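Trainee: Build me a model from this:
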Amino acid sequence: MKEDIVTSVTADKRGAKVLVNEDETLWINRDAWMERELTPGESINLEETKQWLLPRQYSEALNAAISMLATQARSTAEIRKKLKQKPYMDETIEMVLYKLEKEKLTDDDAYARTMAAALSRRHMGRQRIQQALWQKGINREAAERAISELDEDELDEAAVEAAQKLLKRYLREEDSRKAMNKLMMAMARRGYEFDTAKSAVEEALRREEEEP
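Mentor: I've put the predicted structure just below:
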């Protein structure tokens, strides 16, 4: 039977982090630690220990995930990252994520749609929306689906509104050409493609001229 060595133990009132073979850390909560306390230098069977630990981590990790979702919507990748920081075992995390999905507490497609719509209303273009979704761990396909479902008219109007706000900032400059370049660069930073930005700026200028 393969033996593994407990390298170090860091314990506090919540439980203990146990380093095994100098490369794998196990989180053991207080109740489990009282049941089975490990000491540095002790020989254990890592796989058997992880099987023992799995049900003892599961309920705690599930409650932690539900608490995260109670404060705000999160992607599956965000929850996985947070749980891994504890650190819960990969096996525990996958069990928790499966339970959340089964109970319809997580839905990356719905999360992506909601986030894409919110970012559009905050005057962000498709490219920035896509980047923001990727940063939240939404895969390329789900991000593209969410963006494709956005209302085209609302996207165009959001671009015009962004251009109108930026006009007030940049057209104060005496050099109108330089001001226009800065305006287009600002639209690009917001994630608007060149053609979309150009049309939005032209419409914003037209509305500016029509104002009394």
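Trainee: wait, what's in contact with the spatially most central residue of the chain?
Mentor: Among the residues of the chain, the one closest to the centroid is K136, at 2.4 Å (CA atoms, centre = their mean). Residues in contact with K136 (CB atoms under 8 Å, 6 or more residues apart in numbering) are 75, 77-78, 111, 115. C-beta coordinates here come from the backbone N, C-alpha and C atoms, glycine included.
Trainee: Now render these as JSON lines, adding secondary structure.
Mentor: Listed next are these as JSON lines, based on DSSP: H, G, I helix; E, B strand; the rest coil:
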{"residue": "S75", "secondary structure": "coil"}
{"residue": "A77", "secondary structure": "helix"}
{"residue": "E78", "secondary structure": "helix"}
{"residue": "Y111", "secondary structure": "helix"}
{"residue": "M115", "secondary structure": "helix"}
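Trainee: domain assignment for the chain?
Mentor: The chain breaks down into these domains under automatic domain parsing: 4-102, 108-148, 152-210.
Trainee: Reformat these as TSV; add mean pLDDT.
Mentor: Formatted as TSV, these follow (pLDDT from 0 to 100):
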stretch	mean pLDDT
domain 4-102	96
domain 108-148	96
domain 152-210	89
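Trainee: out of these, deepest packed?
Mentor: domain 108-148 (a mean of 18; mean count of other CB atoms under 10 Å).
Trainee: gap between the two ends of it?
Mentor: 15 Å (CA to CA, to the nearest Å).
Trainee: Then stretch 135-144?
Mentor: Stretch 135-144 stretches 14 Å from its first residue to its last (CA to CA).
Trainee: again with stretch 119-138
Mentor: Stretch 119-138 stretches 15 Å from its first residue to its last (CA to CA).
Trainee: Tell me how far that stretch lies from the chain's centre.
Mentor: 11 Å (CA atoms, centre = their mean, to the nearest Å).
Trainee: Next: stretch 7-16.
Mentor: 29 Å.
Trainee: who's in contact with that stretch?
Mentor: The contact list for stretch 7-16 (CB under 8 Å, 6+ apart) reads 17-22, 27-30, 32-33, 37-40.
Trainee: give me that answer again for 6 Å
Mentor: 17-19, 22, 28-30, 33, 40 (CB atoms under 6 Å, 6 or more residues apart in numbering).
Trainee: do stretch 24-37 as well
Mentor: 14-19, 56, 60, 86-88.
Trainee: Brilliant, that's me finished.
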